[in-house]
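1. here is the input, now give the coordinates:
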Amino acid sequence: MKIILFGSGQGGQMAARWLPSGCELLAFADNNTQKQGAYPDGIPVVDPARIPSLMPDLVWITVLNRDAARSMEQQLRELGYAGPVRTLDPFRELMDLRLAHLRLLAQEIEASRLPGAVAELGVYRGVFAAEINRLFPDRTLYLFDTFTGFSQTDVDAEKNAVSFTRASAGNFSDTSVEQVRACLPHPERAVFCTGHFPDTLPCDLPPLALVSLDPDLYEPTLAGLCAFWPKLVPGGMILIHDYNSAQFEGAGKAVRSFCQERQLTVLPLADLHGSAVLLKQG
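-> Residues are numbered from 1 along each chain as shown. Down below sits the predicted model:
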């Protein structure tokens, strides 16, 4: 089967890795003229107007925004492409690879009887925190977030760390401690550490078995690694969001810097969010 992936960003890059053997990836297509002519992993990025002439068996729209995906499908039809079109929606509705990895990590931690609490930095509305809380009902869950969105300090640091960022102070501010607490299955096990990290780090933070690291930006990602890595028990793990993110490049840069300095190996995951895992050896 010959396939074109419409969208060469994070969704497209990961979808390319999902394709089974026997599929031929003809090209990425992208409306961003600055991306056209590039060759990520040796695959050309072309103007969508070229799609009909390339005669793919399938066009897979790989943007995460549903409204944008619908607009792109309409664009394909207007360009004269009459073949099959898929979007990421059916996959997102039926599976969440990041959650699947979390569940597998939890099984390993419980099977190995690792001691320690669990934590998350970058809680937002608490969807992932609720799953951690459900998987570890008998462990204290430390939740770190400003609950007012990105701080100006971290946004300024991001602009110095990466060549381009869309991050603005106050992004992801549509949340609250009360909202997150309400979605936790075992709220009595949660400790909310509200404010700018690492200022909110308790001096008596116990050893940790698992940390979800999802602050998006360079500075808090690096601060989280520096704070939590020494607290991990042998066999403990850090599940890192946005390691291979096309939207938040600072997170991956912070992880690579941290790991290079300490000669650690990060394991990338095949989810749409570009996640990765750090395992602490005994």
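2. and the strands in the stretch 51-200 of the chain?
-> 58-61, 85-87, 117-121, 141-145, 190-194 (DSSP state E, counting those that start in this stretch).
3. and the ones you listed as JSON lines, adding mean neighbour count and mean pLDDT?
-> Every C-beta, even on glycine, is put in place using the N, C-alpha and C of the backbone. Shown next, in JSON lines, are the strands of the stretch 51-200 of the chain (neighbours: other CB atoms under 10 Å; pLDDT from 0 to 100):
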{"stretch": "strand 58-61", "mean neighbour count": "22", "mean pLDDT": "98"}
{"stretch": "strand 85-87", "mean neighbour count": "18", "mean pLDDT": "96"}
{"stretch": "strand 117-121", "mean neighbour count": "25", "mean pLDDT": "98"}
{"stretch": "strand 141-145", "mean neighbour count": "26", "mean pLDDT": "98"}
{"stretch": "strand 190-194", "mean neighbour count": "17", "mean pLDDT": "98"}
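4. quick one: closest of the ones you listed to L264.
-> strand 117-121 (18.0 Å; CB to CB).
5. return the distance of that closest one from the chain's centre.
-> Centroid displacement of strand 117-121 relative to its chain, using CA atoms, centre = their mean, to the nearest Å, is 17 Å.
6. what lines up beside it in the sheet?
-> Partners of strand 117-121 in the sheet, by DSSP bridges, are strand 141-145 (parallel), strand 208-213 (parallel).
7. dump it to CSV, keeping only the CA atoms.
-> Provided in CSV are the C-alpha atoms of strand 117-121 (Å, rounded to 0.1, in the frame of the first residue of the first chain):
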residue,chain,number,x,y,z
ALA,A,117,5.5,7.3,46.7
VAL,A,118,4.5,8.5,43.2
ALA,A,119,4.5,12.0,41.8
GLU,A,120,3.5,14.1,38.8
LEU,A,121,5.0,17.5,37.7
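8. contacts for stretch 243-263 next, please.
-> With contact meaning CB atoms under 8 Å, 6 or more residues apart in numbering, stretch 243-263 is reached by 9-10, 13-14, 158, 161-167, 215-219, 221-222, 225-226, 229, 240-242, 264-266, 268, 273-276, 278.
9. and the contacts of the longest strand seen in the chain?
-> With secondary structure taken from DSSP state E, the chain has its longest strand at strand 232-240. If you take CB under 8 Å, 6+ apart as the criterion, strand 232-240 is touched by 98, 101-102, 105, 109, 112, 114-116, 207-214, 221, 225, 228-229, 251, 255, 266, 275-282.
10. try 6 Å this time
-> Here strand 232-240 makes contact (CB atoms under 6 Å, 6 or more residues apart in numbering) with 105, 112, 114-116, 207-213, 255, 276-280, 282.
11. that one: how far from the chain's middle?
-> 17 Å.
12. quick one: that strand to strand 117-121, angle?
-> Angle between the axes of strand 232-240 and strand 117-121 is 30 degrees (criterion: axes from the mean of the first three to the mean of the last three CA atoms, to 10 degrees).
13. direction included, what does strand 232-240 pair up with?
-> Strand 232-240 is paired, per DSSP bridges, with strand 208-213 (parallel), strand 276-279 (antiparallel).
14. just the CA trace of the last one, in CSV.
-> Right, strand 276-279. C-alpha atoms of strand 276-279 as CSV (Å, rounded to 0.1, in the frame of the first residue of the first chain):
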residue,chain,number,x,y,z
ALA,A,276,10.1,8.6,26.9
VAL,A,277,11.1,6.6,30.0
LEU,A,278,14.2,6.9,32.3
LEU,A,279,14.8,3.8,34.4
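15. ok, H186 touching R134?
-> No. Applying CB atoms under 6 Å as the test, H186 and R134 come out as separate, 7.4 Å apart.
16. contact partners of stretch 115-124?
-> Looking at what lies outside stretch 115-124 - CB under 6 Å, 6+ apart - the contacts are 129, 132, 136, 139-145, 172, 175, 180, 197, 206-215, 224, 233.
17. distance between the ends of it?
-> 26 Å (CA to CA, to the nearest Å).
18. just the buried ones from the contacts of stretch 115-124?
-> Neighbour counting by 16 or more other CB atoms under 10 Å classes 129, 132, 136, 139-145, 172, 175, 180, 197, 208-215, 224, 233 among the contacts of stretch 115-124 as buried.
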